[in-house]
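Colleague: below is the sequence, then the predicted model.
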Amino acid sequence: MSRRKKIYEGKAKIMYEGPEPGTLVQYFKDDATAFNAKKKEVIDGKGVLNNRLSEFFMSGLNQIGVPTHFIRRINMREQLIRLVEIIPLEVVVRIHAAGTLSERLGIEEGTLLPRPIVEFCLKDDALGDPLVSEEHIVAFGWASQHDLDDMIALALRVNDFLSGCMLAVGIRLIDFKIEVGRVWDGDFQRLIVADEISPDSCRLWDIESGQKLDKDVFRRDLGDLADAYTEVARRLGVLPSNVTHTPKPTLVN
Ligand code: UDP
């Protein structure tokens, strides 16, 4: 690993040069951050779980014709992905009210919205990823109107897929964030889902109990984050056999 060229290191992942042109290796770290990295912790096993979960969601999307950057998983913490030009926007889809939407508009967390709502935030840590309108996006040239239409269509297809996956295992998808990248196929450019899809970027509540199974466990100090992510992975049937986060042995009489 040390001989590979590091292209970029973010809060939760590192990108290395890939084995072929147009590819990257995405490495999932155990670091958890929240509130623009003001809160930080290393959560044993988180990277392994998110690598598996992102593989599960991205490969499922590829299989139903929603294009993503995912090519294949390499090992416990790494996956091979397509190199994309990241659009500098976070695309948030909200099905139920939570987080900043609830704060901004005074809607109780968990309220079902009249329809899925797509929001855009500018990817800029120094500004705290501010919410921006489609007018801002087109006027400042962060994406074209055509890109916006494609991003909304992609985000809504991801929503249908993710909501269905989660409902099948007794989990309610509250909201999620995706990132979108531009790729060139010959002379044609198209937009594909990039970055990751994991409990770091979704809100997931147990349907029966309402228990939170996502990064809010860390943001709001609600318990053990790895336990929550392990539960999501277990329900989806993607728990790696040798994940480090296993219950401690108990004495048998
Ligand atoms: N989200 C994310 N990265 C961010 C901001 C938000 O993955 O930098 C996800 C978050 O986990 C949630 C959704 O986007 O699933 C909506 O988040 P919200 O705007 O409510 O902000 P938050 O409360 O997470 O700050």
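Modeller: Thanks, I have the structure now.
Colleague: please make it C-alpha for all contacts and neighbour counts, starting now.
Modeller: OK.
Colleague: going along the chain, name the helices of the stretch 51-200 of the chain.
Modeller: For the stretch 51-200 of the chain, applying DSSP state H, counting those that start in this stretch gives helices covering 99-105, 134-139, 145-167.
Colleague: I'd guessed Val42 sits against Lys11; true?
Modeller: No. Contact criterion CA atoms under 8 Å: Val42 and Lys11 do not qualify, at 11.1 Å.
Colleague: find residues that contact each of those two.
Modeller: Residues within reach of Val42 and of Lys11 at once, by CA atoms under 8 Å, 6 or more residues apart in numbering, are Asp31, Ala32.
Colleague: neighbour count winner among these two?
Modeller: Lys11 (15 against 12; other CA atoms under 10 Å).
Colleague: show me where pLDDT drops low in the stretch 101-250 of the chain?
Modeller: 240-248 (pLDDT under 70).
Colleague: just the strands in the stretch 151-253 of the chain please.
Modeller: Using DSSP state E, counting those that start in this stretch, the strands of the stretch 151-253 of the chain run over residues 171-185, 188-194, 202-206.
Colleague: follow-up on the earlier one: can you say which of the helices of the stretch 51-200 of the chain is nearest to Ala226?
Modeller: Nearest to Ala226 among the helices of the stretch 51-200 of the chain is helix 145-167; the distance by CA to CA comes to 18.2 Å.
Colleague: any residue of that closest one touching the ligand?
Modeller: No. Interface with the ligand: helix 145-167 contributes nothing (CA under 6 Å from any ligand atom), its closest point being 11.9 Å away.
Colleague: one more: stretch 104-113?
Modeller: No. Between stretch 104-113 and the ligand, judged by CA under 6 Å from any ligand atom, nothing touches; the nearest distance is 9.6 Å.
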